[in-house]
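Engineer: Okay, predicted coordinates and the sequence, questions at the end:
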Amino acid sequence: QIQRNEALRYEPFALNDVQHAYLSGRDHGFELGGTACHLYLEFSLSEADVPSLSRALQQLIQRHDMLRMVVEDGMQKILETVPAYEIECLDLADAQADEVAAVLSNTRDGLEAKVHAVGSWPLFDVVATQLPGGTTQLHLSFDLLIADAWSIWVLLSEWQSLYEGVELPELQLHFRDYCLEEQRLQSGESYAKAQKYWLSRIHDLPLGPELPLAQPLADIEQPTFKRYQHKMAADDWLQLKTMAKQFGITPSMLLCTAYAMVLSTWSKRPDFTLNLTLFNRWPLHPEVDQLVGDF
């Protein structure tokens, strides 16, 4: 089990592999570079108390070290103290519908495309827009250098608890402690065996799908991304999960296979490699699933 090292808590420590990848992707030298890997969310809240939300957010920032992280000289570092975070408030309670739509659109576009300066705190944004009728639109933008998708749900759950006055027990583990233990494990026999296996396969792995493009990727100076979604009826989803179980695969892998089949229809080569991120929290401490960080 990992031992907490309070004495070195604020000393710089190495970025992990996926953080390195996200940091490199901000470089315009890469095709489709110059953008950040981040998560943007919106919530509509009725009768929200923004000052109480702010107080709860301050508690969250103190509780989770990675909400105080910056990158300096290629290393990540937890700031011991940071200024109080001020939630930006936009008051549209008396605005007309066209003005509301315009402000929401501008706020959304700005946060969705934002690339934070990694050497400056904070690497997240929270904006509250007060709308006619008493609704508050909460805009959240997190750079995934500091928190993966799992961590975001941890933060949202705990933020709600703190907002409602629930006291949370102090965490006995920090992301830095986990990262250092994970690095130590990479010197072990199990890691060496896995590394040898993948290095022996890498030369035979095909490239990514070769898809028809409207223009060369290198010509795109500022890439933007658009999310498409489709909602499936609950009964249909249950039926798909049942089918996946019959074939001994997860529902996620069933969807991934369908995705790959569609790509293969358009790819010049039928064989290609897909890269997927994954939740990779080793059970090295009882609190690992409660940590905020990029795993």
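Structural biologist: Yes, it's here. Just so we're clear, the structure is a prediction, and the values are computed from it rather than from any experiment.

Engineer: C-alpha from now on. contacts and neighbour counts both.
Structural biologist: Noted.

Engineer: So which residues of the stretch 101-250 of the chain form strands?
Structural biologist: Secondary structure of the stretch 101-250 of the chain (DSSP state E, counting those that start in this stretch): strands at 124-130, 135-143.

Engineer: In the first one, which residues are buried?
Structural biologist: Going back to what we said before, that points to strand 124-130. Buried residues in strand 124-130, defined by neighbour count with 16 or more other CA atoms under 10 Å: Phe124, Asp125, Val126, Val127, Ala128, Thr129, Gln130.

Engineer: same check, this time on the longest one
Structural biologist: By neighbour count, and taking 16+ other CA under 10 Å as the criterion, the buried residues in strand 135-143 are Thr136, Gln137, Leu138, His139, Leu140, Ser141, Phe142, Asp143.

Engineer: Quick check: bridge partners of the second one?
Structural biologist: It refers to Gln137. On the basis of DSSP bridges, Gln137 is bridged to Ser44, Thr129.

Engineer: Could you tell me how far it is located from Asp143?
Structural biologist: Separation of Gln137 from Asp143 (CA to CA, to the nearest Å): 20 Å.

Engineer: Next: the first one.
Structural biologist: Look at Thr136 and Asp143: by CA to CA, they are 23 Å apart.

Engineer: how many neighbours does Ile87 have?
Structural biologist: Residues within reach of Ile87, counting by other CA atoms under 10 Å, total 16.

Engineer: To clarify, my last question referred to Leu276.
Structural biologist: Counted with other CA under 10 Å, residues neighbouring Leu276 total 6.

Engineer: The one 5 residues further on too?
Structural biologist: Each residue near Arg281 was counted by other CA under 10 Å, and the total is 14.

Engineer: Which residue, other than its chain neighbours, is closest to it?
Structural biologist: In this structure, Arg281 finds its nearest non-sequential neighbour in Phe295, 6.2 Å apart by CA to CA, 6 or more residues apart in numbering.

Engineer: Correct me if wrong: that neighbour contacts Thr277.
Structural biologist: No: using CA atoms under 8 Å, Phe295 makes no contact with Thr277, being 9.6 Å away.

Engineer: what residues are up against Ser264?
Structural biologist: By CA atoms under 8 Å, 6 or more residues apart in numbering, the contact set of Ser264 is Pro209, Pro270, Asp271.
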